[in-house]
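Enquirer: based on what follows, work out the 3D shape:
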Amino acid sequence: MTAAVRLPAIRATGLRKAFGTTVVLDGIDLEIAEGSVFALLGPNGAGKTTIVRILSTLITADGGRIEVAGHDLAHAPDAVRAAIGVTGQFSAIDRFLTGEENLRLMADLRHLGREAGRRRAAELLEQFDLVESARTVVSTWSGGMQRRLDLAMTLVGDPRIIFLDEPTAGLDPRSRRTMWRVIRDLVDGGVTVLLTTQYLEEADRLADRIAVLDRGRLVAEGTPAELKRLVSGGHVRLEFAGADELEKAVRVFAGASRDDESLALRVPSDGGVRSVRAVLDALDGASIEADALSVRTPDLDDVFLALTGRPDTRQGAA
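Expert: A predicted model of the protein is given here:
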(Lines give C-alpha, C1' and ligand atoms only; values in the text may rest on other atoms or scores of the structure.)
Protein backbone atom coordinates (compact mmCIF):
# COMPACT_ATOMS: atom_id res chain seq x y z
CA MET A 1 0.00 0.00 0.00
CA THR A 2 1.50 3.35 -1.06
CA ALA A 3 1.96 5.94 1.70
CA ALA A 4 0.17 9.25 1.17
CA VAL A 5 2.41 12.07 -0.03
CA ARG A 6 2.48 14.98 2.43
CA LEU A 7 2.36 18.30 0.63
CA PRO A 8 4.17 21.31 2.07
CA ALA A 9 1.95 23.56 4.20
CA ILE A 10 3.31 26.56 2.29
CA ARG A 11 5.18 26.74 -1.00
CA ALA A 12 6.25 29.96 -2.69
CA THR A 13 8.29 30.18 -5.89
CA GLY A 14 9.76 33.36 -7.33
CA LEU A 15 7.91 35.64 -4.91
CA ARG A 16 8.30 39.28 -5.92
CA LYS A 17 6.97 42.56 -4.52
CA ALA A 18 7.83 46.20 -5.06
CA PHE A 19 6.43 49.41 -3.63
CA GLY A 20 6.98 52.01 -6.29
CA THR A 21 10.61 51.74 -7.36
CA THR A 22 11.65 49.96 -4.16
CA VAL A 23 11.97 46.20 -4.60
CA VAL A 24 11.02 44.56 -1.30
CA LEU A 25 11.03 40.89 -2.37
CA ASP A 26 13.26 39.83 -5.24
CA GLY A 27 12.48 36.24 -6.22
CA ILE A 28 11.95 34.42 -2.89
CA ASP A 29 11.51 30.62 -2.82
CA LEU A 30 10.10 29.03 0.34
CA GLU A 31 8.88 25.56 1.23
CA ILE A 32 7.49 24.97 4.73
CA ALA A 33 6.72 21.49 6.01
CA GLU A 34 3.48 20.64 7.79
CA GLY A 35 3.67 20.59 11.57
CA SER A 36 6.85 22.64 11.80
CA VAL A 37 8.04 26.08 12.91
CA PHE A 38 9.64 28.10 10.14
CA ALA A 39 11.26 31.39 11.16
CA LEU A 40 11.99 34.41 9.00
CA LEU A 41 14.93 36.51 10.18
CA GLY A 42 16.21 39.72 8.69
CA PRO A 43 17.12 43.32 9.48
CA ASN A 44 14.75 46.23 9.12
CA GLY A 45 13.45 46.38 5.57
CA ALA A 46 14.45 42.82 4.67
CA GLY A 47 10.91 41.82 3.64
CA LYS A 48 9.77 39.57 6.51
CA THR A 49 6.45 41.21 7.26
CA THR A 50 5.77 41.70 3.55
CA ILE A 51 6.03 37.92 3.06
CA VAL A 52 3.57 37.32 5.90
CA ARG A 53 1.14 39.87 4.52
CA ILE A 54 1.25 38.27 1.07
CA LEU A 55 0.90 34.69 2.28
CA SER A 56 -2.01 35.67 4.54
CA THR A 57 -3.82 37.39 1.60
CA LEU A 58 -3.55 40.88 3.10
CA ILE A 59 -1.68 42.21 0.05
CA THR A 60 -0.98 40.78 -3.40
CA ALA A 61 2.38 39.78 -4.83
CA ASP A 62 3.69 41.25 -8.07
CA GLY A 63 4.97 37.90 -9.23
CA GLY A 64 5.53 34.28 -8.27
CA ARG A 65 3.40 31.24 -7.51
CA ILE A 66 2.09 30.59 -3.99
CA GLU A 67 0.30 27.61 -2.47
CA VAL A 68 -1.00 27.67 1.10
CA ALA A 69 -2.65 24.58 2.61
CA GLY A 70 -2.76 23.09 -0.89
CA HIS A 71 -4.66 26.07 -2.35
CA ASP A 72 -3.36 28.37 -5.06
CA LEU A 73 -3.41 31.77 -3.39
CA ALA A 74 -4.09 33.69 -6.60
CA HIS A 75 -7.12 31.58 -7.55
CA ALA A 76 -8.52 30.49 -4.18
CA PRO A 77 -7.83 33.23 -1.61
CA ASP A 78 -11.02 32.44 0.35
CA ALA A 79 -9.90 28.82 0.81
CA VAL A 80 -6.52 30.07 2.03
CA ARG A 81 -8.17 32.42 4.52
CA ALA A 82 -10.29 29.58 5.87
CA ALA A 83 -7.16 27.50 6.55
CA ILE A 84 -4.98 30.09 8.29
CA GLY A 85 -4.79 32.24 11.40
CA VAL A 86 -2.80 35.45 11.79
CA THR A 87 -1.41 37.11 14.90
CA GLY A 88 0.22 40.40 13.95
CA GLN A 89 2.64 42.73 15.66
CA PHE A 90 -0.25 44.70 17.11
CA SER A 91 -2.96 43.05 19.17
CA ALA A 92 -6.43 42.57 17.68
CA ILE A 93 -8.14 42.24 21.06
CA ASP A 94 -10.69 44.72 22.43
CA ARG A 95 -9.23 45.90 25.74
CA PHE A 96 -12.66 47.04 26.98
CA LEU A 97 -14.17 43.55 26.74
CA THR A 98 -13.43 40.58 28.96
CA GLY A 99 -11.27 37.74 27.69
CA GLU A 100 -14.32 35.52 27.33
CA GLU A 101 -16.20 38.20 25.40
CA ASN A 102 -13.28 38.66 23.02
CA LEU A 103 -13.23 34.97 22.21
CA ARG A 104 -17.00 34.77 21.76
CA LEU A 105 -16.89 37.77 19.47
CA MET A 106 -14.28 36.03 17.33
CA ALA A 107 -16.42 32.88 17.34
CA ASP A 108 -19.36 34.93 16.04
CA LEU A 109 -17.16 36.34 13.28
CA ARG A 110 -16.20 32.77 12.40
CA HIS A 111 -19.93 31.82 12.27
CA LEU A 112 -19.50 29.03 14.82
CA GLY A 113 -22.96 29.41 16.32
CA ARG A 114 -23.83 30.35 19.89
CA GLU A 115 -23.24 27.03 21.67
CA ALA A 116 -20.25 26.01 19.56
CA GLY A 117 -18.74 29.45 20.16
CA ARG A 118 -19.16 29.13 23.92
CA ARG A 119 -17.53 25.70 23.91
CA ARG A 120 -14.61 26.88 21.78
CA ALA A 121 -14.05 29.94 23.99
CA ALA A 122 -14.02 27.75 27.11
CA GLU A 123 -11.56 25.32 25.49
CA LEU A 124 -9.16 28.10 24.55
CA LEU A 125 -9.36 29.82 27.93
CA GLU A 126 -8.38 26.50 29.50
CA GLN A 127 -5.65 25.79 26.95
CA PHE A 128 -4.02 29.19 27.44
CA ASP A 129 -4.38 29.22 31.23
CA LEU A 130 -6.72 32.24 31.23
CA VAL A 131 -9.74 30.79 33.06
CA GLU A 132 -9.24 32.74 36.30
CA SER A 133 -9.20 36.10 34.49
CA ALA A 134 -11.71 35.22 31.77
CA ARG A 135 -14.45 37.53 33.06
CA THR A 136 -12.31 40.57 33.81
CA VAL A 137 -11.70 43.31 31.24
CA VAL A 138 -8.54 42.79 29.22
CA SER A 139 -7.21 46.28 30.00
CA THR A 140 -6.38 44.98 33.50
CA TRP A 141 -4.35 42.04 32.19
CA SER A 142 -0.58 41.80 31.90
CA GLY A 143 1.09 42.06 28.50
CA GLY A 144 1.86 38.36 28.48
CA MET A 145 -1.76 37.43 29.17
CA GLN A 146 -2.95 39.74 26.41
CA ARG A 147 -0.57 38.15 23.91
CA ARG A 148 -1.81 34.68 24.88
CA LEU A 149 -5.39 35.86 24.37
CA ASP A 150 -4.43 37.32 21.01
CA LEU A 151 -3.05 33.94 19.93
CA ALA A 152 -6.11 32.15 21.36
CA MET A 153 -8.35 34.36 19.22
CA THR A 154 -6.33 33.33 16.17
CA LEU A 155 -7.13 29.70 16.99
CA VAL A 156 -10.90 30.07 17.32
CA GLY A 157 -11.42 28.73 13.81
CA ASP A 158 -8.96 25.85 14.43
CA PRO A 159 -6.51 26.84 11.65
CA ARG A 160 -3.78 24.38 10.69
CA ILE A 161 -1.39 27.15 9.59
CA ILE A 162 -0.61 30.15 11.78
CA PHE A 163 1.34 33.30 10.93
CA LEU A 164 2.98 34.86 13.98
CA ASP A 165 4.48 38.28 13.26
CA GLU A 166 6.66 39.29 16.23
CA PRO A 167 4.49 37.34 18.73
CA THR A 168 6.60 38.15 21.81
CA ALA A 169 7.58 41.74 21.05
CA GLY A 170 7.59 43.79 24.24
CA LEU A 171 7.13 40.84 26.61
CA ASP A 172 9.28 40.21 29.65
CA PRO A 173 11.50 37.08 29.60
CA ARG A 174 9.08 34.98 31.67
CA SER A 175 6.08 35.82 29.47
CA ARG A 176 8.18 35.20 26.37
CA ARG A 177 9.05 31.70 27.56
CA THR A 178 5.40 31.00 28.31
CA MET A 179 4.55 31.93 24.73
CA TRP A 180 7.31 29.63 23.48
CA ARG A 181 5.72 26.74 25.37
CA VAL A 182 2.31 27.55 23.91
CA ILE A 183 3.71 27.69 20.36
CA ARG A 184 5.56 24.39 20.79
CA ASP A 185 2.39 22.74 22.14
CA LEU A 186 0.51 23.89 19.03
CA VAL A 187 3.17 22.46 16.73
CA ASP A 188 3.17 19.19 18.66
CA GLY A 189 -0.55 19.06 17.81
CA GLY A 190 0.20 19.31 14.09
CA VAL A 191 -0.12 23.07 13.54
CA THR A 192 2.32 24.74 11.13
CA VAL A 193 3.79 28.06 12.31
CA LEU A 194 5.46 30.74 10.19
CA LEU A 195 7.23 33.03 12.62
CA THR A 196 8.93 36.39 12.25
CA THR A 197 10.89 37.54 15.24
CA GLN A 198 13.42 40.12 16.32
CA TYR A 199 14.78 37.76 19.00
CA LEU A 200 17.46 35.46 17.63
CA GLU A 201 17.28 33.26 20.72
CA GLU A 202 13.57 32.78 20.00
CA ALA A 203 14.26 31.53 16.49
CA ASP A 204 17.01 29.26 17.82
CA ARG A 205 14.71 27.75 20.47
CA LEU A 206 11.57 27.35 18.35
CA ALA A 207 12.38 27.00 14.68
CA ASP A 208 12.85 23.74 12.84
CA ARG A 209 14.13 25.75 9.88
CA ILE A 210 15.17 29.38 9.45
CA ALA A 211 15.35 31.62 6.40
CA VAL A 212 17.58 34.69 6.57
CA LEU A 213 16.47 37.60 4.41
CA ASP A 214 18.49 40.66 3.48
CA ARG A 215 17.45 43.43 1.09
CA GLY A 216 14.62 41.36 -0.33
CA ARG A 217 16.69 38.28 -1.07
CA LEU A 218 16.99 34.91 0.64
CA VAL A 219 20.65 34.73 1.70
CA ALA A 220 20.55 31.46 3.67
CA GLU A 221 18.15 28.74 4.78
CA GLY A 222 18.51 25.69 6.99
CA THR A 223 18.14 24.32 10.48
CA PRO A 224 19.66 26.42 13.27
CA ALA A 225 22.56 23.96 13.48
CA GLU A 226 23.16 24.10 9.71
CA LEU A 227 23.22 27.90 9.73
CA LYS A 228 25.70 28.01 12.60
CA ARG A 229 28.05 25.76 10.65
CA LEU A 230 28.18 28.41 7.90
CA VAL A 231 30.32 30.72 10.04
CA SER A 232 33.59 30.32 11.86
CA GLY A 233 34.36 31.51 15.37
CA GLY A 234 33.95 28.43 17.52
CA HIS A 235 36.73 27.77 19.98
CA VAL A 236 37.79 26.11 23.20
CA ARG A 237 39.00 28.59 25.79
CA LEU A 238 41.72 27.33 28.13
CA GLU A 239 42.71 29.23 31.25
CA PHE A 240 45.94 28.60 33.13
CA ALA A 241 47.23 29.32 36.65
CA GLY A 242 50.61 30.58 35.48
CA ALA A 243 52.51 31.97 32.49
CA ASP A 244 54.67 28.84 32.18
CA GLU A 245 51.65 26.62 31.54
CA LEU A 246 50.33 29.13 29.02
CA GLU A 247 53.66 29.16 27.15
CA LYS A 248 53.73 25.37 26.96
CA ALA A 249 50.15 25.34 25.63
CA VAL A 250 50.99 27.92 22.96
CA ARG A 251 53.68 25.58 21.62
CA VAL A 252 51.19 22.68 21.50
CA PHE A 253 48.28 24.45 19.81
CA ALA A 254 49.46 26.07 16.60
CA GLY A 255 47.04 28.70 15.36
CA ALA A 256 45.56 29.39 18.80
CA SER A 257 45.24 33.00 20.00
CA ARG A 258 46.59 33.94 23.40
CA ASP A 259 45.49 36.43 26.03
CA ASP A 260 48.44 37.13 28.31
CA GLU A 261 46.44 39.35 30.65
CA SER A 262 43.97 36.62 31.57
CA LEU A 263 46.44 33.74 30.96
CA ALA A 264 44.05 32.20 28.45
CA LEU A 265 44.29 30.51 25.07
CA ARG A 266 41.59 30.26 22.41
CA VAL A 267 41.89 27.07 20.37
CA PRO A 268 39.81 26.99 17.16
CA SER A 269 37.18 24.26 17.42
CA ASP A 270 33.76 23.29 16.11
CA GLY A 271 32.68 22.60 19.70
CA GLY A 272 31.99 18.93 19.05
CA VAL A 273 32.83 16.15 21.48
CA ARG A 274 35.66 14.85 19.30
CA SER A 275 37.40 18.21 18.99
CA VAL A 276 37.11 18.89 22.72
CA ARG A 277 38.50 15.43 23.47
CA ALA A 278 41.41 16.14 21.09
CA VAL A 279 42.23 19.31 23.05
CA LEU A 280 42.16 17.39 26.35
CA ASP A 281 44.32 14.62 24.89
CA ALA A 282 46.86 17.18 23.65
CA LEU A 283 47.01 18.79 27.10
CA ASP A 284 47.44 15.42 28.74
CA GLY A 285 50.11 14.34 26.28
CA ALA A 286 52.14 17.47 26.96
CA SER A 287 51.57 17.26 30.74
CA ILE A 288 49.88 20.65 30.77
CA GLU A 289 47.30 21.43 33.40
CA ALA A 290 44.53 23.90 32.58
CA ASP A 291 42.66 25.66 35.36
CA ALA A 292 39.45 25.98 33.34
CA LEU A 293 38.02 24.96 29.99
CA SER A 294 34.96 26.38 28.24
CA VAL A 295 33.48 25.78 24.80
CA ARG A 296 32.06 28.50 22.61
CA THR A 297 30.24 27.71 19.36
CA PRO A 298 28.85 30.21 16.84
CA ASP A 299 25.28 31.35 17.58
CA LEU A 300 22.64 32.99 15.41
CA ASP A 301 24.05 36.42 16.25
CA ASP A 302 27.28 35.36 14.54
CA VAL A 303 25.31 33.98 11.59
CA PHE A 304 23.28 37.16 11.30
CA LEU A 305 26.34 39.39 11.39
CA ALA A 306 28.17 37.27 8.84
CA LEU A 307 25.26 37.12 6.38
CA THR A 308 23.84 40.63 6.65
CA GLY A 309 26.69 42.70 8.06
CA ARG A 310 24.43 43.71 10.96
CA PRO A 311 24.49 42.24 14.47
CA ASP A 312 20.77 41.60 15.06
CA THR A 313 17.20 42.46 14.03
CA ARG A 314 16.16 44.64 16.93
CA GLN A 315 15.84 47.73 14.76
CA GLY A 316 12.38 46.61 13.68
CA ALA A 317 10.56 44.45 11.19
CA ALA A 318 9.54 44.88 7.59
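
Enquirer: run a quick check on T308 versus D214, I expect a contact.
Expert: Yes - with contacts counted by Cβ atoms under 8 Å, T308 reaches D214, the gap being 4.5 Å. (Glycine included, C-beta is placed from N, CA and C.)

Enquirer: which neighbours do those two share?
Expert: Listed as contacting both T308 and D214 by Cβ atoms under 8 Å, 6 or more residues apart in numbering are 42-43, 46.

Enquirer: W141: neighbouring residues, count only.
Expert: W141: 19 surrounding residues under other Cβ atoms under 10 Å.

Enquirer: residues in contact with the nearest residue to it once chain neighbours are set aside?
Expert: Nearest residue to W141, sequence neighbours excluded (Cβ to Cβ, 6 or more residues apart in numbering): S133, at 6.2 Å. Taking Cβ under 8 Å, 6+ apart, we find S133 in contact with 99, 141, 145.

Enquirer: could the residues you listed go into TSV alongside distance to L283 and secondary structure?
Expert: Formatted as TSV, the contacts of S133 follow (distance: Cβ to Cβ, whole Å; DSSP: H, G, I helix; E, B strand; the rest coil):
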residue	distance to L283	secondary structure
G99	59	helix
W141	55	coil
M145	52	helix
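
Enquirer: which one of those is nearest G27?
Expert: Distance to G27 across those (Cβ to Cβ) is lowest for M145, with 41.0 Å.

Enquirer: was I right about the closest one contacting L130?
Expert: Yes - with contact defined as Cβ under 8 Å, M145 reaches L130; the gap is 6.5 Å.

Enquirer: give the intersection of the neighbour lists for these two.
Expert: G99.

Enquirer: one step back: what distance do you get for the residue nearest to W141 to L263?
Expert: S133 sits at a distance of 55 Å from L263 (criterion: Cβ to Cβ, to the nearest Å).

Enquirer: OK, contacts around A33?
Expert: 6, 8-9, 192, 208-209.

Enquirer: in stretch 266-282, what counts as buried?
Expert: For stretch 266-282, burial by neighbour count (16 or more other Cβ atoms under 10 Å) applies to 266-267, 269-270, 275-276, 279.

Enquirer: could you dump the residues you listed to TSV with pLDDT and distance to S232?
Expert: What follows is the buried residues of stretch 266-282, written out as TSV (pLDDT from 0 to 100; distance: Cβ to Cβ, whole Å):
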residue	pLDDT	distance to S232
R266	90	12
V267	92	13
S269	84	10
D270	74	9
S275	86	13
V276	91	17
V279	94	17
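
Enquirer: identify, from the residues you listed, the entry nearest to L73.
Expert: Checking the buried residues of stretch 266-282 one by one against L73 (Cβ to Cβ), the nearest turns out to be D270, at 41.2 Å.

Enquirer: now do the SS call for the closest one.
Expert: At D270 the chain is in coil, as set by DSSP: H, G, I helix; E, B strand; the rest coil.

Enquirer: what about the strands in this structure?
Expert: 10-19, 22-32, 37-41, 63-68, 71-72, 84-87, 161-165, 192-196, 209-214, 217-222, 235-239, 257-259, 264-268, 292-296 (DSSP state E).

Enquirer: and those as TSV, adding distance to A121?
Expert: Listed next are these as TSV, based on distance: least, Cβ to Cβ, whole Å:
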stretch	distance to A121
strand 10-19	28
strand 22-32	29
strand 37-41	26
strand 63-68	27
strand 71-72	28
strand 84-87	15
strand 161-165	18
strand 192-196	22
strand 209-214	33
strand 217-222	38
strand 235-239	53
strand 257-259	59
strand 264-268	56
strand 292-296	48
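
Enquirer: for A107, which of these is the nearest?
Expert: strand 84-87 (13.2 Å).

Enquirer: which other helices and strands contact that closest one?
Expert: On a contact count with 3 or more Cβ pairs under 8 Å, 6 or more residues apart in numbering; DSSP states H and E, strand 84-87 meets helix 143-154, strand 161-165.

Enquirer: and these, which one averages the lowest pLDDT?
Expert: Lowest mean pLDDT within those: helix 143-154, a mean of 90.

Enquirer: just to confirm, which residue in this structure is farthest away from the center?
Expert: D244 (46.4 Å; Cα atoms, centre = their mean).

Enquirer: what residues does stretch 81-90 touch?
Expert: Under Cβ under 8 Å, 6+ apart, the answer for stretch 81-90 is 49, 52, 56-58, 68-69, 71, 150-151, 154-155, 157, 159-167, 169, 317.
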